[in-house]
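Participant: I would like the atomic coordinates for the input below:
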Amino acid sequence: MSRETNNIYKMENKNMGNIHKKLYNACNTASGVKKASKVKGMPFNPLLHDDVQRVAMAALLENGLYPTCNYITDVTEKFVVVTCTMKITDVDEPNNFIIIDGCTAMGGLDKYGTGQAMSYSKKYAFLNALNLKTGMDLEDGYNAKPFKQNSSEPSVEAEPQYADDSINVEEIKDELKNAKTLTEFNAVKAKYREQVQYLIKNNLRAYRQVSDVAGTRELQIKNNQS
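Facilitator: Model prediction:
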């Protein structure tokens with residue numbers, strides 16, 4: 001995937017401060033996203049793509065920011081994996097932009113699978129860009145209440161049951177988090193590439209955790225180096 005040479009990470013600090021301030025303001029002004037009601041057969045309350053996009057777009061546009069997305073699609077034997085790269089551009093200074101990279105989702109191998117995965121990966125990009133408040137009501141994101149001790153309510157993001165004890169998912173996540181430079185970060189990715197490919201094929205929940213950590217850490221490193 002090609003990248004413009006005038007990437008925000010190569011801009012002067014003055015310009016970066018401008019777009020970062022806009023994104024900061026968008027995060028502060030964005031309303032919460034209320035989770036939808038459960039449907040039959042679903043053990044949790046879903047966070048709908050349309051609701052996330054509505055809230056995120058309102059906050060971004062209000063602050064003079066506009067997002068566009070590119071997608072990379074990988075097809076495995078069991079499903080489609082789509083990775084979204086979101087570019088958020090300052091409409092007042094179009095050469096200034098920020099990249100939200102590495103947001104991944106899966107879909108089935110039917111005619112709807114790719115579209116569903118694109119929608120979900122875009123949703124994760126919006127969530128990562130603005131750190132949107134989400135919950136059962138509009139305040140849950142900041143004032144979350146724990147489940148009662150004896151509650152039968154299932155956890156929305158339960159820890160995965162790892163498919164293979166030979167793959168230490170927590171170790172992979174820890175090494176990604178502890179990478180200090182892009183060189184170290186890329187070395188960790190290369191070290192665990194085969195294990196991650198295994199998770200893609202056999203344990204998507206565990207793979208998503210690794211992917212989310214990787215995307216967040218890469219963005220942090222790039223911002224620190226700017």
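
Participant: Show me where this structure dips below the pLDDT cut-off.
Facilitator: Low-confidence segments of the chain, defined by pLDDT under 70, are located at 1-17, 39-44, 135-166, 226.

Participant: in it, which spans are helices?
Facilitator: In the chain, the segments counted as helices under DSSP state H are 13-29, 49-62, 113-130, 169-178, 182-191, 193-202, 204-225.

Participant: And the fifth one, what's buried?
Facilitator: If you call a residue buried by 16 or more other CB atoms under 10 Å, then helix 182-191 has these buried ones: 185, 188-189. All C-beta atoms are positioned from the backbone trio N, CA, C, and that covers glycine.

Participant: Determine the set of other helices and strands touching it.
Facilitator: Contact partners of helix 182-191 among helices and strands, from 3 or more CB pairs under 8 Å, 6 or more residues apart in numbering; DSSP states H and E: helix 169-178, helix 204-225.

Participant: now, of the ones you listed, which is deepest in the fold?
Facilitator: With neighbours defined as mean count of other CB atoms under 10 Å, the helices and strands packed on helix 182-191 peak in mean count at helix 204-225, which reaches a mean of 18.

Participant: Dump that helix to CSV, restricted to CA.
Facilitator: C-alpha atoms of helix 204-225 as CSV (Å, rounded to 0.1, in the frame of the first residue of the first chain):
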residue,chain,number,x,y,z
LEU,A,204,-9.8,-15.4,15.8
ARG,A,205,-10.6,-14.1,19.2
ALA,A,206,-6.9,-14.5,20.3
TYR,A,207,-5.7,-13.1,17.0
ARG,A,208,-7.9,-10.0,17.4
GLN,A,209,-6.3,-9.4,20.8
VAL,A,210,-2.8,-9.6,19.3
SER,A,211,-3.8,-7.4,16.4
ASP,A,212,-5.4,-4.7,18.6
VAL,A,213,-2.2,-4.6,20.7
ALA,A,214,0.0,-4.4,17.6
GLY,A,215,-2.0,-1.6,16.0
THR,A,216,-2.1,0.5,19.2
ARG,A,217,1.6,0.1,19.9
GLU,A,218,2.7,0.9,16.4
LEU,A,219,0.7,4.1,16.4
GLN,A,220,2.1,5.1,19.8
ILE,A,221,5.7,4.5,18.6
LYS,A,222,5.1,6.6,15.4
ASN,A,223,3.6,9.4,17.5
ASN,A,224,6.5,9.3,19.9
GLN,A,225,8.9,9.6,17.0
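
Participant: And that helix, what does it pack against?
Facilitator: When contacts are defined as 3+ CB pairs under 8 Å, 6+ apart, helix 204-225 packs onto strand 97-107, helix 113-130, helix 169-178, helix 182-191, helix 193-202.

Participant: got a list of contacts for that helix?
Facilitator: 9, 79, 99-104, 106, 124, 128, 160, 162-163, 167, 169, 172-173, 176-177, 179-182, 185, 189, 196, 199-200 (CB atoms under 8 Å, 6 or more residues apart in numbering).

Participant: can you do 7 Å?
Facilitator: 9, 100-104, 106, 128, 160, 162, 169, 172-173, 176-177, 179, 181-182, 185, 189, 196, 199-200 (CB atoms under 7 Å, 6 or more residues apart in numbering).
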